[in-house]
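Peer 1: Got a predicted structure plus its sequence, pasted below:
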Amino acid sequence: MEMIIGGAFQGKEKLARKMYPGLVWVYAKDASWEEICSSGGVIGFHDYIRRLVEEERDTSSLAADLIRENPDIILVSDEVGYGVVPIERTDRIYREAVGRVCTSLASYSTRVTRVVCGIGNTIKG
Amino acid sequence: MMILVTGGSGSGKSAYAEMRMSECRSLRKLYIATMYPYDSESHERIRRHRIMRSGRGFETVEKYTDIGSLVIPPSSSALLECMSNLTANEMFMEGGAGDETVECISKGILKLRNQLENLVVVTNEIFSESGKYLGDTRKYQKYLGEINTFLADAADEVYEVVYGIPVPIKRREV
């Protein structure tokens, strides 16, 4: 498993496609769990967490489930924890969930690349 | 030795800070808790942190304002968590420092550091987002930003924890 993370609109997808040519990607905003589990990589992984939170589903086992079902996946995900505490409860739960899930996945990942202004820096691996 | 640990929400800052504290050989280890439990979410957060800390030999000291008034026992190290709560308390709680928040906290931290063998401070990055804040929230960002800058200057080491990975921002010159 490898992760490419960073703020929104930083060129993460472009860098990911360049780093892993030929990989089969799915978009987390509309992909099913089965599609994510059988894909080579997922773009916008935070959107999948958002979907679960909006459906009021538990995210505490998501990282372990993904590690079990697709341990070689490449995850591209936004970082969303760098602002003032959100006013809406759902937004707070979502922000916390992205942090916890991605921290577990980063711990398992062999490489984590952080993208700022389109430039990737390896912070792990 | 003073270490500043920053990062986004849910990024694993506390776990890293506690790991660094476990390396300290001090006789006493204090956990200076600054979060005032005002609703169910803060109670839950406090509960989660208590479980994380349990069995690690911390003595918890709750201090919501005026950290400089704490009297530290000899041969102690301390973990202060979290600067974002302390700043909000000083700004908005009755009896807090109000407009003098930045100065009060800066002086308080130096007083603590001088009494401690090691001080680890956890703070928060709340400065990169699309929302435009005005009034008190903007002021809160300004104050915490100024405090973080002061803390980083005073610290021997600064880390930004990204999803559990400590990214060094400042290291002590060897």
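Peer 2: Structure received.

Peer 1: Parallel or antiparallel, which strands does the host helix or strand of residue B:61 pair with?
Peer 2: Taking DSSP states H and E as the definition, residue B:61 sits inside strand B:58-62. As defined by DSSP bridges, the strand partners of strand B:58-62 come to strand B:28-33 (parallel).

Peer 1: The closest residue to residue B:106 other than its chain neighbours: neighbouring residues, count only.
Peer 2: Take residue B:106 and drop its neighbours on the chain: the residue closest to it by Cβ to Cβ, 6 or more residues apart in numbering or on different chains is residue B:150, 4.9 Å away. For every residue, glycine as well, the C-beta is placed using N, CA and C. By other Cβ atoms under 10 Å in any protein chain shown, 18 other residues sit near residue B:150.

Peer 1: Could you list the buried residues of the helix or strand where residue B:150 lies?
Peer 2: Assigned by DSSP H and E, residue B:150 belongs to helix B:135-154. For helix B:135-154, burial by neighbour count (16 or more other Cβ atoms under 10 Å in any protein chain shown) applies to B:140, B:141, B:143, B:144, B:146, B:147, B:148, B:150, B:151, B:152, B:154.

Peer 1: Over to stretch B:45-59?
Peer 2: Under the neighbour-count criterion of 16+ other Cβ under 10 Å, stretch B:45-59 has B:45, B:46, B:49, B:53, B:58 buried.

Peer 1: coming back round to it: residues contacting the residue nearest to residue B:106?
Peer 2: When contacts are counted by Cβ atoms under 8 Å, 6 or more residues apart in numbering or on different chains, residue B:150 touches B:102, B:106, B:109.

Peer 1: so what pLDDT did it get?
Peer 2: pLDDT recorded at residue B:150 is 96.

Peer 1: Quick one, grab the pLDDT at residue 83.
Peer 2: I went with chain A, as the question did not name one. We note a pLDDT of 91 for residue A:83 in this prediction.

Peer 1: oops, chain B please
Peer 2: pLDDT, read off for residue B:83, is 97.

Peer 1: who touches it in this structure?
Peer 2: B:34, B:105, B:121, B:122, B:123, B:124, B:144, B:147, B:148, B:151.

Peer 1: next one: residue B:165
Peer 2: Taking Cβ under 8 Å, 6+ apart as the criterion, residue B:165 is in contact with A:106, A:112, A:123, A:124.

Peer 1: Need the max-distance pair from these.
Peer 2: The largest separation in these, counting by Cβ to Cβ, is between A:106 and A:123 at 8.8 Å.

Peer 1: and residue 86, how many neighbours?
Peer 2: Chain wasn't specified; assuming chain A. Other residues close to residue A:86 by other Cβ under 10 Å number 17.

Peer 1: Chain B was what I was after
Peer 2: Counted with other Cβ under 10 Å, the neighbours of residue B:86 add up to 31.

Peer 1: Now for it: which residues touch it?
Peer 2: Residue B:86 sits next to B:34, B:64, B:65, B:67, B:80, B:105 when contact means Cβ under 8 Å, 6+ apart.

Peer 1: 10 Å - rerun?
Peer 2: By Cβ atoms under 10 Å, 6 or more residues apart in numbering or on different chains, residue B:86 lies in contact with B:32-36, B:63-67, B:80, B:96, B:101, B:104-105, B:108-109, B:121, B:123, B:144, B:147.

Peer 1: quick one: the residue nearest to residue B:106 from chain A, how far?
Peer 2: 20 Å (Cβ to the nearest Cβ, to the nearest Å).
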